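Sequence plus predicted model, see below.
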Amino acid sequence: MSATSFDTALSAAGTGRFQKRLIAVFGLVWAADAMQVLAIGFTAPSIAASFGLTVPQAIQTGTALFLGMLVGAFVFGRLADRFGRRPILVATVLLDAVFGLASAFAPDFAWLLALRFLTGLGVGGTLPVDYAMMAEFLPAERRGRWLVFLEGFWAVGTAMVALFSLAVTSYGAAEPWRILFVLTALPALVGLVLRFFIPESPLFLLRAGRAKEAVEILNRIATVNGRAAGVERLEPLPPTEKPRLFAGPYRRRTILILLVWLLVSVSYYGVFVWLPGQHAAAGLSFVRGQLFLVLVALAQIPGYALAAYGVERWGRLPTLIGFLLLSAVGCFAYALGTDPVLVALAMLAMSFALLGTWGALYALTPELYPTRLRGTGMGTAGAAARVGGLIAPSVLAPVMAVSFPAALGAFSGLLVLAAILTAMLGIETRNRPLD
């Protein structure tokens, strides 16, 4: 009985109906996560009215969510590397769905903060597990494009939460934030049921010494994709020492990629969460409107499409560097003035460029680490992104005190620095098999 290498077996199983089902399930929860994050701006005014708070106080629900996401990303990535992708895959979306739904019934503000933190644990935990697992079900020649497609569901969630908010507001509910939190939890509840049908990652199983189970899953993938289920035995993976993020060959790449995640996150949340508030205060309130957010989501789609093409055609590093520099240029356009047309066009251009950046970054990062470290690496990257979101207003406030163009210049500089750090990384992962 001849043995087959894992990469040969995965390529032979093909990319088709199985992966489409997988990305639909992961994408549904990814859209739900976007809804949970972006609901902050839509729910804060009505939360403030319900509990007799100011809007800045109500926005603490967003801080609680981000803190939960930070902890969730850091912890669950490590658990996925230790106990397997599938159990953590279910646990994270269970937290997301249950506590997201429970948030709608919070009796007071203290309970709401606690429930949003617990929701954030699940939201943050889905990131490392989903991307590590999706990467491990894809052959090298298709992996980058499909990972960018998964990130593209963020645009779906962006549009959905804006439309849901518009519908709830039009309905005239007494406490619209409660209805919106129910609606944002529904995709995660559906995703929870569907995730029970997803098998464990065959690459994780093989690395864990469970080769027979890995063979069964690979043959199942082939059957679903309409291919011959011909794998009988897999070649064992070569033994390796347990890798660590900040030791050996992974130290340098980890430091560089975490800095890139941090800088992109500070810039993204600064541009799309905090700066629009300055525009709204100046009378350009449309930038926080539901219909405009739908346009922003639509502008993300061609950004993701170009990133999906670029990571396979030009490579991960050139595509990421190109989008980072394009985002930096877009910041200057954003600073041209307060004319509503210019502001709207600049935000749409930034949405295109920055979300293309995220797509390329999500394609690259899980490929930088071996199977035993992939969840940990993605989880730590997700935690770095949450740190960026939390410190964005701290970076913005003192610069805004100088001038609005100075704030945009600062974010532009951070994006250029991220491009330089990406170039320093020097690791092109296109068409490379996963370890």
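Thanks, I have it.

CA atoms for contacts and neighbours, from now on please.
OK.

Could you report the separation of residue 40 from residue 69?
14 Å (C-alpha to C-alpha, to the nearest Å).

Now for these two: what residues contact both?
With C-alpha atoms under 8 Å, 6 or more residues apart in numbering applied, the contact sets of residue 40 and residue 69 do not overlap.

And those two? Which one has more around it.
Neighbour totals were compared for residue 40 and residue 69, and residue 69 leads with 31 against 20 (other C-alpha atoms under 10 Å).

hang on, isn't that one packed against residue 122?
Yes. Taking C-alpha atoms under 8 Å as the definition, residue 69 is a contact partner of residue 122 at 7.1 Å.

So, low pLDDT: which residues of the stretch 151-300 of the chain?
Along the stretch 151-300 of the chain, the parts satisfying pLDDT under 70 run over 273-290, 292.

residue boundaries of the helices in it?
Per DSSP state H, counting those that start in this stretch, the stretch 151-300 of the chain carries helices over the ranges 153-171, 176-195, 202-207, 211-224, 250-269, 275-281, 290-313.

got JSON lines for the ones you listed, with distance to residue 13 and mean neighbour count too?
Putting the helices of the stretch 151-300 of the chain into JSON lines (distance: least, C-alpha to C-alpha, whole Å; neighbours: other C-alpha atoms under 10 Å) gives the following:
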{"stretch": "helix 153-171", "distance to residue 13": "25", "mean neighbour count": "21"}
{"stretch": "helix 176-195", "distance to residue 13": "21", "mean neighbour count": "21"}
{"stretch": "helix 202-207", "distance to residue 13": "12", "mean neighbour count": "22"}
{"stretch": "helix 211-224", "distance to residue 13": "4", "mean neighbour count": "20"}
{"stretch": "helix 250-269", "distance to residue 13": "31", "mean neighbour count": "22"}
{"stretch": "helix 275-281", "distance to residue 13": "47", "mean neighbour count": "16"}
{"stretch": "helix 290-313", "distance to residue 13": "20", "mean neighbour count": "21"}
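
among those helices, which is nearest residue 331?
helix 250-269 (9.5 Å; C-alpha to C-alpha).

helices and strands around that closest one, which ones?
Packing contacts for helix 250-269, counted by 3 or more C-alpha pairs under 8 Å, 6 or more residues apart in numbering; DSSP states H and E, involve helix 371-402, helix 404-425.

which other residues reach it?
Counting by C-alpha under 8 Å, 6+ apart, 243-246, 354, 361, 365, 368-369, 377, 380-382, 384-389, 391-392, 411-412, 414-415, 418-419, 421-422, 424-425 sit against helix 250-269.

Show me what the helix or strand containing residue 114 is packed up against.
Here residue 114 is covered by helix 109-136, with elements defined by DSSP states H and E. With contacts taken as 3+ C-alpha pairs under 8 Å, 6+ apart, helix 109-136 sits against helix 17-51, helix 60-83, helix 85-103, helix 140-151, helix 371-402.

Is it possible to get CSV of those helices that adds distance to residue 3?
CSV is the format used below for these (distance: least, C-alpha to C-alpha, whole Å):
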stretch, distance to residue 3
helix 17-51, 24
helix 60-83, 26
helix 85-103, 25
helix 140-151, 20
helix 371-402, 21
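
and the helix holding residue 114, average pLDDT?
Helix 109-136 comes out with an average pLDDT of 94.

Give the buried residues for that helix.
Under the neighbour-count criterion of 16 or more other C-alpha atoms under 10 Å, helix 109-136 has 109, 112-136 buried.

rank the helices and strands packed on helix 109-136 by mean pLDDT and give me the bottom one.
Comparing mean pLDDT across those, the weakest is helix 371-402, with a mean of 82.

Return the set of buried residues in that one.
Going by 16+ other C-alpha under 10 Å, helix 371-402 has these buried residues: 371-390, 392-393, 395-396, 399-400.

Would you check that residue 30 makes contact with residue 149?
No. Taking contacts as C-alpha under 8 Å, residue 30 lies outside contact range of residue 149: 11.1 Å.

where does the spatially closest residue to residue 151 that is not a sequence neighbour fall, phi/psi-wise?
Nearest residue to residue 151, sequence neighbours excluded (C-alpha to C-alpha, 6 or more residues apart in numbering): residue 359, at 5.8 Å. Dihedral angles phi and psi of residue 359 (degrees, to the nearest 10) take the values phi -60, psi -50.

List the contacts of residue 359.
By C-alpha under 8 Å, 6+ apart, the contact set of residue 359 is 147, 148, 149, 151, 152, 304, 307, 308.

Let's see that with 7 Å instead.
Counting by C-alpha atoms under 7 Å, 6 or more residues apart in numbering, residue 359 touches 148, 151, 304, 307.

Among the residues you listed, which one lies nearest to residue 99?
residue 151 (23.3 Å).

any idea how far the closest one lies from residue 103?
Taking C-alpha to C-alpha, one finds residue 151 at 26 Å from residue 103.
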